[in-house]
Each structure stands twice: as C-alpha cells, then as structure tokens.
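Asker: have a look; sequence and predicted model below, questions after that.
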Amino acid sequence: MTGQMTGRVMFYAQHLLGIGHLKRAAVLARAMAAHGLEVWVVLGGPAVPGIAFDGCARIALPPIRATDASFRSLVDEHGVPMDESIKEARTARLLDEFASIRPHVLLIEQFPFGRRAFRFELMPLLAAARVASPRPAVVCSLRDVLVRKSDPERSREMVALARSWFQRVLVHGDPALIPLEASFPEAREIADLIGYTGYAAEPRQDPPPPGLESGRGEVIVSAGGGAVGEPLLRAALAARPLSRAVGLPWRFICGTGLPETVYADLVFDPPPGVIVERWRSDLPTLLGNAVLSISQGGYNTVLDVLRAAVPAVIVPFGDGHETEQAFRARVLADKGVVTLVEPTALTPESLAAAVNVALERPPAKIAVDLDGGNATAREIVALCPGRET
C-alpha cells in the first residue's frame with residue numbers, strides 16, 4: 001500500500017457457500033485501499049481463486065464453510081463439524097489481530113443481519129471494540145436484499161443488535177431500485193443508522209482489457225460460484241436445441257465451486273457450438289459482447305448484466321430458505337429488465353421459452369447507482385480520526 005494513510009480498517013468477511021459475499025468484499029476492500037486506507041481483511045471461509053484483495057493485508061481464520069444451501073451444517077477445511085476447539089481458535093486469533101491492528105473502523109460484513117452462527121466470535125470482538133483505545137467506529141456492510149426470517153423474534157434481535165453495537169449500517173444498494181425495507185420492513189426502526197452506498201460493482205477498466213471480442217455473439221450461461229449451479233447448467237444444456245438460439249455458440253461458465261464430478265461430466269464431449277469453462281475473470285467483457293445472459297441472478301452477476309445492458313434470463317437460486325436472488329429477480333422482471341424463470345418451474349422447455357422471449361425484446365435500460373465501492377470508501381474515510389463524521 002502506498003501513499004499517505006488516513007486510517008486503519010479491519011474488515012471481517014465470512015463467506016459460507018457461494019462467492020457473492022466475498023467478491024463484493026473484495027470490491028469494497030480494494031476501493032478503501034485506493035482511497036488511502038490501511039485495510040486488513042479477515043477472511044473466514046475457504047480460499048477462492050480469482051478474487052483479489054490487492055493493496056490489502058489478509059488475515060485467514062481457520063476456514064469454515066457450509067455443506068449445503070440449508071447452512072445448518074458448518075464444517076472446517078477437512079469436513080469436520082465446527083466444534084468448540086475451532087470456535088476458540090478463531091476467536092482467539094480474531095481478538096489478537098484486533099488488538100494488534102487497533103483499527104479506527106471495524107467493518108463487519110452482514111452481521112447482525114446474517115452470520116448468526118458466528119456470534120461466538122463476533123460478540124467478543126464487538127465487546128473488545130467497545131473498550132478499545134482508540135475506540136473504533138463499528139460499521140455493518142450489508143447487501144441490498146435480506147433473506148426474510150420466518151421468526152419475528154429474529155428480526156427484532158437484528159434491530160436490537162444493530163442499535164446497541166453499530167454506529168452505521170452501509171447498504172450496498174440503490175433505494176431507487178430496492179430499498180432495504182422492501183425485504184426487511186424493520187429497517188425503518190434503524191433508519192438513522194442506514195446509509196446507501198449504491199451497488200458495489202467492479203469498476204470499469206481504463207484502458208479496457210485485452211480480448212475485447214471475447215463472447216461476441218454468444219449466449220453466456222453463468223452459475224456464479226457454482227456450488228448450487230448444477231440444475232441451471234444442465235437445464236440450459238438441454239434447452240439450447242429447443243430454443244431459437246440453437247445456432248449461436250453457448251458458453252457455460254461453471255464456477256469454481258461446482259463439484260468436480262459434475263464439471264467433468266459437462267466438459268466431456270460437449271455438443272458442437274457449446275464451450276464449457278470452469279471460470280472466467282472477464283465475465284463483464286463477455287456479457288458486454290453477448291447476445292444473451294442466462295444466470296441465477298446473484299448480486300454480482302446482476303450488476304454485470306445491468307452494466308452490459310444485455311438481454312437476460314434469470315433463474316434464481318431458491319433452495320432451502322434462500323429468498324434473496326428470487327426477490328431481486330422479481331423486482332427486475334417487474335421493471336422489464338430481465339426475463340424470469342421461477343426455480344420451481346425450471347425445465348429445459350420453460351428455459352427455452354424464456355430464451356425466446358428475451359431475444360425478442362430489447363432489454364429495458366434502468367438507471368442504477370453502481371459506484372458503491374468508492375462511496376463506501378468515502379464513508380469509511382469520514383469515520384477515521386481527523387475527519388468529519
């Protein structure tokens with residue numbers, strides 16, 4: 001890190017299954033570093049290739065991941081269920097690093113509106129922050145849409161924790177598109193804490209990267225991190241010959257989290273005109289050149305689609321109790337920006353029909369704030385010593 005530093009930031013980011021949280025954290029961390037902040041990113045999940053935290057220090061806690069979309073079973077890197085010894089090791093490391101860094105801002109991703117299973121380490125961290133010198137500003141970094149809880153008590157608990165322990169809740173979204181209270185009505189009770197940063201999209205590259213023709217004239221099928229992407233990938237493969245896009249090249253980007261056995265099956269002898277790849281770091285470029293995007297509609301992919309203004313079919317992930325992708329996709333579908341296939345209705349035939357519809361109409365352009373990285377960095381700089389809060 002170069003240049004005059006304006007403050008120290010400790011940024012806690014725990015991903016469990018997909019890569020959306022981690023990718024957004026990387027965008028935010030790099031933006032803060034570019035604004036002259038010293039940033040330590042605490043990573044609590046498995047390593048993910050292709051996601052960079054340039055300009056930041058990284059602190060790796062003993063990694064924990066979810067075994068499936070229910071998030072009920074959390075295991076370590078060897079598949080051993082998280083037990084007290086793992087909790088104690090993580091907590092001790094986290095508190096030691098906090099004491100060493102002495103941050104001016106403690107930024108915590110998602111908690112208390114998620115990551116409840118990590119209260120064992122986050123509550124001691126918050127307690128340490130309250131008595132620390134210097135005492136850091138404590139800030140929540142929050143996604144635009146929350147998963148709705150069936151138990152009202154859980155929502156009341158989130159509000160109480162935010163009110164008691166946090167000075168700011170930075171929502172990485174645009175209220176003109178989706179205000180937080182649309183998925184979390186209780187947000188009205190902490191409106192004085194909330195600030196919208198805009199969506200944390202990857203910044204445009206200037207000059208543009210090489211390979212500008214990549215994806216030209218293609219249908220791009222992307223499964224995000226891939227951990228739960230198999231149904232979409234297989235349905236898309238079967239939908240291609242049924243759709244009007246059968247004569248176009250289809251590129252499948254499976255994601256690093258797709259099980260190796262599934263990837264091996266897909267990559268082995270694909271039909272003519274089908275390209276199967278594990279990962280592409282230039283997905284925004286591909287979408288900018290594509291004829292059509294087919295995806296699950298995760299946070300980061302939606303931002304890439306909006307920026308590219310490419311016709312899009314979204315099949316949101318909806319297993320377990322996950323409602324986030326479906327909520328966002330329905331908002332965009334209602335505005336005519338994307339064509340939606342409900343996950344419960346996914347078949348090759350329904351997907352092919354959606355492809356035909358998406359290709360027949362131009363995508364509706366929508367004005368959305370995508371500069372959330374820089375806006376977040378400015379908010380954090382303002383909370384550092386010598387700055388106006």
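Answerer: It's in.
Asker: okay, CA-based contacts and neighbour counts for the rest of this
Answerer: Fine.
Asker: thought Glu189 was touching Val159?
Answerer: Yes: using CA atoms under 8 Å, Glu189 is in contact with Val159, at 7.3 Å.
Asker: residues touching Tyr196, list them.
Answerer: For Tyr196, the contacting residues are 170-175, by CA atoms under 8 Å, 6 or more residues apart in numbering.
Asker: beta partners of it?
Answerer: Val171 (DSSP bridges).
Asker: could you pull out the strands for the stretch 201-350 of the chain?
Answerer: When assigned using DSSP state E, counting those that start in this stretch, the strands of the stretch 201-350 of the chain occupy the ranges 219-222, 250-253, 274-277, 292-295, 312-314, 339-340.
Asker: can you list contacts of the fifth one?
Answerer: Strand 312-314 is contacted from outside by 292-297, 305, 329, 337-341, 354-355, 358, 363, using CA under 8 Å, 6+ apart.
Asker: which helix runs longest in the chain?
Answerer: Ordering each helix of the chain by length in residues (DSSP state H) puts helix 84-101 first.
Asker: show me what it is packed against.
Answerer: For helix 84-101, the packing partners by 3 or more CA pairs under 8 Å, 6 or more residues apart in numbering; DSSP states H and E come out as strand 8-13, helix 119-131.
Asker: paired strands for the first one, with orientation please.
Answerer: Looking at strand 8-13 with DSSP bridges, its partner strands are strand 38-43 (parallel), strand 105-109 (parallel).
Asker: and the next element down the chain from that strand?
Answerer: helix 20-34 (DSSP states H and E).
Asker: mind giving me the packing neighbours of that following helix?
Answerer: Under the contact definition 3+ CA pairs under 8 Å, 6+ apart, helix 20-34 sits against strand 8-13, strand 38-43, helix 299-308, helix 372-382.
Asker: can you put those in a markdown table and add distance to Gln110?
Answerer: Formatted as a markdown table, those follow (distance: least, CA to CA, whole Å):
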| stretch | distance to Gln110 |
| --- | --- |
| strand 8-13 | 8 |
| strand 38-43 | 13 |
| helix 299-308 | 14 |
| helix 372-382 | 15 |
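Asker: could I get these as TSV with mean neighbour count?
Answerer: Formatted as TSV, those follow (neighbours: other CA atoms under 10 Å):
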stretch	mean neighbour count
strand 8-13	24
strand 38-43	23
helix 299-308	22
helix 372-382	22
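Asker: now do the helices in the stretch 101-250 of the chain.
Answerer: In the stretch 101-250 of the chain, the segments counted as helices under DSSP state H, counting those that start in this stretch are 119-131, 152-165, 230-239.
Asker: quick one: low-confidence ranges for the chain?
Answerer: Across the chain, the ranges flagged by pLDDT under 70 are 1-5, 69-70, 205-212, 319-321, 363-364, 386-389.
Asker: outline the domain layout of it.
Answerer: 8-201+370-382, 219-360 (automatic domain parsing).
Asker: reformat the ones you listed as CSV; add distance to Glu213.
Answerer: Supplementary listing: these in CSV, determined by distance: least, CA to CA, whole Å:
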stretch, distance to Glu213
domain 8-201+370-382, 21
domain 219-360, 7
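Asker: how long is stretch 224-235 from one end to the other?
Answerer: End-to-end distance for stretch 224-235: 16 Å, by CA to CA, to the nearest Å.
Asker: tell me which residues in it are buried?
Answerer: For stretch 224-235, a neighbour-count test (16 or more other CA atoms under 10 Å) marks 224-230, 232-233, 235 as buried.
Asker: and of the residues you listed, the nearest to Met10?
Answerer: Gly225 (25.3 Å; CA to CA).
Asker: which one of the contacts of Tyr196 has the most neighbours?
Answerer: With neighbours taken as other CA atoms under 10 Å, the top of those is His172, carrying 28 neighbours.
Asker: quick one: it and Asp144 touch, right?
Answerer: Yes: applying CA under 8 Å, one finds His172 in contact with Asp144, separated by 5.6 Å.
Asker: nearest to Asp68, of the strands paired with strand 8-13?
Answerer: Going by CA to CA, the one of these nearest Asp68 is strand 38-43, 19.7 Å.
Asker: now that closest one against helix 84-101, angle please.
Answerer: Interaxial angle, strand 38-43 versus helix 84-101 (axes from the mean of the first three to the mean of the last three CA atoms, to 10 degrees): 180 degrees.
Asker: let me know the next secondary structure element after strand 38-43.
Answerer: strand 57-60.
Asker: return the list of strands paired to the helix or strand just after that following strand, each annotated with direction.
Answerer: Going down the chain from strand 57-60, the next helix or strand is strand 64-66, by DSSP H and E. The pairing partners recorded for strand 64-66 under DSSP bridges are strand 74-76 (antiparallel).
Asker: contact partners of the strand it pairs with?
Answerer: 62-67, 81-82.
Asker: coming back round to it: how about the CA coordinates for the longest helix of the chain, as CSV?
Answerer: Provided in CSV are the C-alpha atoms of helix 84-101 (Å, rounded to 0.1, in the frame of the first residue of the first chain):
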residue,chain,number,x,y,z
GLU,A,84,-15.6,-25.7,20.4
SER,A,85,-11.9,-26.1,19.7
ILE,A,86,-12.4,-24.4,16.2
LYS,A,87,-14.5,-21.7,17.8
GLU,A,88,-11.9,-21.0,20.4
ALA,A,89,-9.1,-20.9,17.9
ARG,A,90,-10.9,-18.5,15.6
THR,A,91,-12.0,-16.2,18.5
ALA,A,92,-8.5,-16.0,19.9
ARG,A,93,-7.0,-15.2,16.6
LEU,A,94,-9.6,-12.6,15.8
LEU,A,95,-9.1,-10.8,19.1
ASP,A,96,-5.3,-11.0,18.9
GLU,A,97,-5.4,-9.4,15.4
PHE,A,98,-7.8,-6.7,16.6
ALA,A,99,-5.5,-5.8,19.5
SER,A,100,-2.5,-5.7,17.1
ILE,A,101,-4.2,-3.6,14.4
